[in-house]
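Undergrad: Build the 3D model from these lines:
(4 chains)
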Protein chains: 2
Amino acid sequence: MTTSVLAETLRKHSKLSESKIAKVVAAYKPFPTKHNQVLVRKGDIAKYLYFVEKGYLRVFVTDASGNQFTRFLIEQGMEGTAFPSFISQNVSSASVQCVGKAEVLRISYDELQKLYRAVPEFERPYRKIIELAYVASIYRIESLISMNARERYIQLLREKPKWVQQLPANVIAEYLGITKETLSRLKSAK
Amino acid sequence: MTTSVLAETLRKHSKLSESKIAKVVAAYKPFPTKHNQVLVRKGDIAKYLYFVEKGYLRVFVTDASGNQFTRFLIEQGMEGTAFPSFISQNVSSASVQCVGKAEVLRISYDELQKLYRAVPEFERPYRKIIELAYVASIYRIESLISMNARERYIQLLREKPKWVQQLPANVIAEYLGITKETLSRLKSAK
DNA sequence: CTTAGCTGTTGATAAATGTCAAAAAAATCA
DNA sequence: TGATTTTTTTGACATTTATCAACAGCTAAG
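TA: Have a look, this model is predicted:
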């Protein structure tokens, strides 16, 4: 039986047989990364979808003054990339980077299309993933338009305590849409 | 040949035959609405997906003090509802309301599932719709975390000038995540 | 056509958050 | 380990945005 976070995740979220799981897992290739390695650079086309076996990836954009803003954090057991670029195969406005050390698998756009043909039942979990990612983004929009910095921080602390523990404060701040100084003050105030 | 905004939209975004288009269109029922009518109330389960033939719908949430925040605006030719509730068939944290007068069609969750079985090629445009909605929400998150109120307003003016012209200022303000006073000042300042 | 209620504007002020600079603390790697 | 770099905290101050209140304009329905 295949053992990997990817295999575990497929068992948990789909009803694929062990042989189909093995096929899917075989299509994702381990991709060795260095500390903070950039996987997709702004201006590139996102050719790969990344599955996180260990650690975190961040998807971020940069403004004219060089400030960085974290669009998404991808944790162990999740997959992602610069999504708009990946589905359209156009250049990406965002970059994707490992947060510190991370272990990832990757599958190319073309290989993924082949996989859909080889394992048609894999389409359903894929669509579910997109739906869930969409729902998550709806709630993120909701908190960004309706809550202030403190409320958003408290919500993150409640819903993703591990992120706050494990990720550098500046990454958390970028994700919340505030500066690292403001986050630091929120922490010390309570 | 069926004539409706829905039929037009299907012709434009899919390769369905006229007979399939007729089937899809037949499954969506006209739903008469009053001025500012609420279609989904917070606490309800979103049982219907709404297609906008004319006007706009807004999806909004309310905070403890009764302030409203517009999560999404749905314009002519688009469809939507309280999406997280619709796909999970759980109670909704958001409400859906007509902005002024609107003409809508609707299809129930169950009828939609039947439609997928009756017209399997309809699944693909549905998935595309979700993917596009997801991409749109990614860009919305991006502007909320990386831009200030003025920048977001200018971007909206550039990308959706009609919304700014046609929708009440307080709805635009809620969509931008700012107060109506701040929006009013942004307008007069330039 | 008129009035009651929304909708939008403006002013004064307060609160939240950002910016810049510097010091302190922590993490990395040679 | 020690040196170097990166991250985090703190302070002073500036800017942005919200809040509250008053008023003006508009609009929909009688």
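
Undergrad: Centroid-nearest residue for chain A?
TA: Nearest residue to the geometric centre of chain A (Cα atoms, centre = their mean): residue A:74, 2.5 Å.

Undergrad: what does the longest helix belonging to chain A contact?
TA: Counting by DSSP state H, the longest helix found in chain A is helix A:123-146. Here helix A:123-146 makes contact (Cβ atoms under 8 Å, 6 or more residues apart in numbering or on different chains) with A:10, A:13-14, A:16, A:79-80, A:83, A:116, A:151-152, A:155, A:177, B:61, B:63, B:67, B:69-72, B:83-84, B:87-88, B:93-94, B:127, B:130-131, B:133-134, B:137-138, B:140-141, B:144-145, B:174-177. In this view, the C-beta of every residue, glycine as well, is placed from N, C-alpha and C.

Undergrad: now, which of those residues lie close to DNA strand C?
TA: Residues of the contacts of helix A:123-146 in contact with DNA strand C (Cβ under 7 Å from any atom of the strand): residue A:177.

Undergrad: end-to-end on stretch A:72-89?
TA: Its first and final residues considered, stretch A:72-89 spans 19 Å by Cα to Cα, to the nearest Å.

Undergrad: and it with chain B, contact?
TA: Yes - counting by Cβ under 8 Å from any Cβ of the partner chain, contacts between stretch A:72-89 and chain B involve A:72, A:83-84, A:87.

Undergrad: Contact residues of chain A facing DNA strand C?
TA: A:35, A:67, A:100, A:148-150, A:177-179, A:181-182.

Undergrad: before we move on, the earlier item: where strands are concerned, which of the contacts of helix A:123-146 count?
TA: Within the contacts of helix A:123-146, residues falling in strands by DSSP state E are A:79-80, B:61, B:69-72.

Undergrad: Could I get the residues you listed in CSV, plus columns for pLDDT?
TA: As requested, the ones in strands among the contacts of helix A:123-146 are exported to CSV (pLDDT from 0 to 100):
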residue, pLDDT
A:79, 92
A:80, 93
B:61, 92
B:69, 91
B:70, 92
B:71, 90
B:72, 93
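
Undergrad: among the residues you listed, who's most crowded?
TA: With neighbours taken as other Cβ atoms under 10 Å in any protein chain shown, the top of these is residue B:71, carrying 25 neighbours.

Undergrad: got the buried residues for stretch A:160-177?
TA: Neighbour counts using 16 or more other Cβ atoms under 10 Å in any protein chain shown place A:160, A:163-164, A:167, A:171-177 of stretch A:160-177 among the buried residues.

Undergrad: For chain A, give me the ranges with low pLDDT.
TA: Applying pLDDT under 70 to chain A flags the ranges A:1, A:190.

Undergrad: Which residues of it lie near chain B?
TA: A:61, A:63, A:67, A:69-72, A:83-84, A:87, A:94, A:127, A:130-131, A:133-135, A:137-142, A:144-146, A:174-177.

Undergrad: circling back to that earlier point, among the residues of chain A next to DNA strand C, which one sits closest to chain B?
TA: Using Cβ to the nearest Cβ, residue A:177 comes nearest to chain B of the residues of chain A next to DNA strand C, at 3.5 Å.

Undergrad: so what's that closest one up against?
TA: For residue A:177, the contact set (Cβ under 8 Å, 6+ apart) comprises A:69, A:144, A:149, A:152, B:144-146.

Undergrad: Format the residues you listed as CSV; extra columns: distance to DNA strand D.
TA: As requested, the contacts of residue A:177 are exported to CSV (distance: Cβ to the nearest atom of the strand, whole Å):
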residue, distance to DNA strand D
A:69, 14
A:144, 11
A:149, 11
A:152, 14
B:144, 11
B:145, 12
B:146, 11
